[in-house]
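>>> Dropping the sequence and predicted coords here.
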Amino acid sequence: MVQPQSSAPSSRALTVGVLGAGTVGTQVIRLLTEQAEEFAARSGALLTVTGVAVRDVEAPRDPAVPRELLTDDATAVATGNDLVIELIGGIEPARTLILAAFKAGASVITGNKALIAAHGPELYAAAAAAGTDFYYEAAVAGAIPVVYALRESMAGDRVTSVLGIVNGTTNYILDEMSTKGLSFERALAAAQELGYAEADPTADVEGLDAAAKAAIIASLAFHTRVGLDDVTVEGIREITSQDIREAHASGCELKLLAIAQRCRPEAGAAEGISVRVHPALVPTDHPLASVHGAFNAVLVEAESAGRLMFYGQGAGGAPTASAVLSDVVAAAAHRVHGGQAPRESTYAALPILGPGAAVTRYQIQLLVDDAPGSLAAMAGVFADHAVSINSVRQSAYVSQEQAVVTIVTHPAPVSRLDAAVEGLGACERVLEVVSIRRVEGE
Ligand SMILES: NC(=O)C1=CN([C@@H]2O[C@H](COP(=O)(O)OP(=O)(O)OC[C@H]3O[C@@H](n4cnc5c(N)ncnc54)[C@H](O)[C@@H]3O)[C@@H](O)[C@H]2O)C=CC1
Ligand SMILES: N[C@@H](CC=O)C(=O)O
Ligand code: NA
């Protein structure tokens, strides 16, 4: 007969130190306190926060953070606990504190994508040397369990591409511009107010936050070390309301995308990986086009599983705390019952290809002579560079002799697309290359 599971309270106790009590840290401390019994039941140990490292113990803060736990001695918190949760952000002193925590035998949980993209291998090595866990679910796409999915759920498959919206702040800005006609500046200020943006929002706006996440995603998906420097990055600083209106006119939304894909620069060439972050047109009927506000979505393509889609809140205190606490429970359970988090997996060591190898589609707007033969001349340029055309639209008449033509290509390597654009620039019938946008999402 099957016996019911014992519901006896755990006899184990583990101490928890929290570094940083900002947007996320505050929510983590609140939930750890409010739901202490549930966390004990789930992990097998009573989790007690013994210290919260802050910069200024006197600063006013949310009452969820008990004042008696505050200290400005971050090293003591990092080295004096079983579990250490790093929510300071940035490279230093976060890196030094995490390394000290591992050396002191702690398991470490962080949401610090900037640090992982810059020093992931060092942190993994420190965890392995200490025989403890290194967890970072909050570092990619906030509450969405995409790190778990790539690190553990997809371990039985071969991922071919990951395409996603992984920065809440920029998605919020673009969405506010698209749906409410807000200016870039007003939308950014609102994102900061709502706790979505990084301490320095330049990281969001310039695409660096998404690039750090893309590096983490690619490392996990392709079992290859990928750092921030391996990611081709373009942010949304230059996007204007006019760009958004033009996207709508093309039946698309403009989104900041993170893309990691296996590809071959040319048929027969060795396989490598391309990792990039840039704004792109996404057709309105594509699932990513309807990701609003600070929500994130990640599409994973794998050889056996096919397409998987993950969607949820990518930023904000409570959603991110949810991801942090899932790691806390896992790390605590390992300390009670044994077992460990996955170690770094880089066996594939695939080459990282340059930006020219990325496969994408271009939407090219051209100011052309509105005369017989112009279309044929342009089509010839595409053919010369082995780029196939998907659609051609005469989108505006500038005068009786001039028109704007919008051409969307089929997927091709960026090197060939760029060569075609150069060829168009030199074509007699083309008066001006007005704009080039990438189009993603079939
Ligand atoms: N806010 C969000 O939506 C998300 C944030 N994250 C990550 O979580 C981490 C924390 O983010 P937030 O809570 O939003 O940042 P935050 O800026 O609100 O909080 C960080 C806190 O750390 C404190 N701090 C800085 N240096 C310190 C030091 N040396 N000692 C002690 N405290 C120090 C700051 O005073 C601040 O209160 C970052 O790595 C961020 O990238 C990850 C996912 C989502
Ligand atoms: N600033 C980040 C926070 C979560 O990672 C974002 O906007 O996505
Ligand atoms: Na996540």
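Happy to help now that I have it. This one's a predicted model, so the numbers in the text were calculated from it and none came from an experiment. Ligands and ions are numbered 1, 2, ... in the order given.
>>> Name the residues of the protein found near ligand 2, please.
142, 167-169, 196-198, 204, 209, 314-315 (Cβ under 6 Å from any ligand atom). From N, CA and C alone the C-beta is placed, and that goes for glycine too.
>>> what about the helices in the protein?
In the chain, the segments counted as helices under DSSP state H are 23-34, 36-43, 74-79, 94-103, 113-130, 146-151, 168-180, 184-193, 202-205, 208-222, 241-249, 317-337, 374-384, 414-426.
>>> State the distance from Lys294 to Ala386.
Careful, residue 294 is Ala and not Lys. Between Ala294 and Ala386 the computed distance is 40 Å (Cβ to Cβ, to the nearest Å).
>>> re the thing from before, the residues of the chain next to ligand 2 into JSON lines, with extra columns for distance to Pro265?
Compiled in JSON lines, those are given as follows (distance: Cβ to Cβ, whole Å):
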{"residue": "Gly142", "distance to Pro265": "34"}
{"residue": "Asn167", "distance to Pro265": "28"}
{"residue": "Gly168", "distance to Pro265": "33"}
{"residue": "Thr169", "distance to Pro265": "33"}
{"residue": "Tyr196", "distance to Pro265": "37"}
{"residue": "Ala197", "distance to Pro265": "36"}
{"residue": "Glu198", "distance to Pro265": "34"}
{"residue": "Asp204", "distance to Pro265": "31"}
{"residue": "Asp209", "distance to Pro265": "28"}
{"residue": "Gly314", "distance to Pro265": "32"}
{"residue": "Ala315", "distance to Pro265": "35"}
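>>> Now the buried members of those.
For these, a neighbour count by 16 or more other Cβ atoms under 10 Å gives the buried set as 142, 167-169, 196-198, 204, 209, 314-315.
>>> Closest one to Ser11 out of those, please.
Nearest to Ser11 among those, counting by Cβ to Cβ, is Gly142 at 34.2 Å.
>>> Leaving out sequence neighbours, find the closest residue to the closest one.
Nearest residue to Gly142, sequence neighbours excluded (Cβ to Cβ, 6 or more residues apart in numbering): Gly314, at 4.2 Å.
>>> go on, Leu69?
Leu69's closest residue in space is Val52 (Cβ to Cβ, 6+ apart), at 4.6 Å.
>>> Can I get the helices of the chain in TSV including mean pLDDT?
Below are these laid out as TSV (pLDDT from 0 to 100):
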stretch	mean pLDDT
helix 23-34	98
helix 36-43	97
helix 74-79	98
helix 94-103	99
helix 113-130	98
helix 146-151	98
helix 168-180	97
helix 184-193	95
helix 202-205	97
helix 208-222	98
helix 241-249	92
helix 317-337	98
helix 374-384	95
helix 414-426	97
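>>> With respect to burial, which of the ones you listed scores highest?
helix 208-222 (a mean of 28; mean count of other Cβ atoms under 10 Å).
>>> Quick one: list the elements packing against that helix.
On a contact count with 3 or more Cβ pairs under 8 Å, 6 or more residues apart in numbering; DSSP states H and E, helix 208-222 meets helix 113-130, helix 146-151, strand 159-165, helix 202-205, strand 232-233, strand 252-263, strand 272-283.
>>> now the residue nearest to Leu69, which residues is it bridged with?
With DSSP bridges as the criterion, Val52 is bridged to Val18, Leu70.
>>> how near is Ala403 to Ser374?
Counting by Cβ to Cβ - Ala403 and Ser374 are separated by 9 Å.
>>> any shared contact partners between the two?
Taking Cβ atoms under 8 Å, 6 or more residues apart in numbering as the contact rule, Ala403 and Ser374 both touch Val368.
>>> How about the contacts made by the residue of the stretch 201-350 of the chain found nearest ligand 2?
Relative to ligand 2, the nearest point of the stretch 201-350 of the chain is Ala315 (3.9 Å; Cβ to the nearest ligand atom). Ala315 sits next to 142, 167-169, 172, 195-196, 294, 296 when contact means Cβ under 8 Å, 6+ apart.
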